[in-house]
Structure formats: structure tokens, C-alpha cells
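*Asks:* okay, structure incoming, though there's no sequence with it:
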């Protein structure tokens, strides 16, 4: 029995350096595909970071998350608490709008900020989408990383 425990500890000890390099969505940031009409659009990498990056980010997240509540800009005690409920509403709004049916777009939510990634047909369509997302209740801002067409290099980290 003791040998089994030591063997397990040895294997676990060897696995730690490899696991430390794995990218995970440690903070469970919501990430959704909204539309998929442009074949060839670069697929964004899902949210993730290494364990070391997560540890470095934890303090900043705690500070940013609670500061909006402290100053009266959020009704919830942490701005990250909005994201899981907010992103499905953003997706629904864009899908029901009709102007974006010919796009391939993903959304990421962090701190009531919505990041748009993917491909649209025109620069005007990218601007319209950004303005539309700002109309969704509880959205504080939009980070627009949309590309026009599929030929341009994406402005976001892509999936492997």
C-alpha cells in the first residue's frame, strides 16, 4: 500500500510541471459563438491562462471586480458576477437583430465588458454590431476585435 501511495505521489510530482503549462479558463469567463455564416473566419482561442498567469491576475481581478460596486456603478458586489447571465443576452440580441446573420462572431465577457471577435462583411457592420451590444442592459463597454472579411489577420489569439 505504501508503494502505491509513493508511486502516486511521484507521478503527481512529475505531472505538476506539465500541468502548470496548460491553459485553463480558471475564472470561468463566458465565451460564446453567436453567428457562423462566414466560412474561413479564424476561430478565436477560448479564454485561458496558465496557473502562473492566473495567480498574477487574481489580485487585479479582485480589485477591478469590486471597485465598480464600491463607487456605485454596479448593483452586484463584483462586476464579474454579471458575465454569465449577460453573454447569453448579448448573443440573443445579436441573433434576433437580423443585420448580423451573414457574420461569424464570438463573444467573450469579462467585468461587464464584451469582446467581439470574428468576421463581418463591412466596416459599417462592425460598427453597427458594437453599437448594438452597447444597448444590452448591464454592458459597460465593448472591445471590437472584428475583422472585415476572412482574409485579414485576426486581431485576437486563435484556436490551435
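*Replies:* Structure received. Nothing here was measured: the structure is a model prediction, and the numbers come from that model. Numbers count the residues shown, from 1 in each chain.

*Asks:* any chance of the backbone angles for residue 118?
*Replies:* Here is the backbone geometry of residue 118 (degrees, to the nearest 10): phi 130, psi -150.

*Asks:* which stretches in the chain count as helices?
*Replies:* In the chain, the helices defined using DSSP state H lie at 2-20, 51-70, 83-97, 123-134.

*Asks:* mean pLDDT for the ones you listed: which is lowest?
*Replies:* Mean pLDDT across these is lowest at helix 2-20; the value there is a mean of 43.

*Asks:* picking that back up, out of the helices of the chain, which comes closest to residue 28?
*Replies:* With Cβ to Cβ as the criterion, residue 28 lies closest to helix 83-97 of the helices of the chain, at 7.5 Å. The C-beta positions use only the backbone N, C-alpha and C, and glycine is treated the same way.

*Asks:* now that closest one: buried residues?
*Replies:* 83, 86, 87, 90, 91, 93, 94 (16 or more other Cβ atoms under 10 Å).

*Asks:* got these as CSV, with distance to residue 119 columns?
*Replies:* Listed next are those as CSV, based on distance: Cβ to Cβ, whole Å:
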residue, distance to residue 119
83, 23
86, 23
87, 19
90, 17
91, 16
93, 19
94, 14
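
*Asks:* distance-wise, check the nearest residue to residue 57 once chain neighbours are set aside relative to residue 154.
*Replies:* Leaving aside its chain neighbours, residue 57 sits nearest to residue 49 (6.7 Å; criterion: Cβ to Cβ, 6 or more residues apart in numbering). Distance check for residue 49 against residue 154: by Cβ to Cβ, to the nearest Å, it reads 19 Å.
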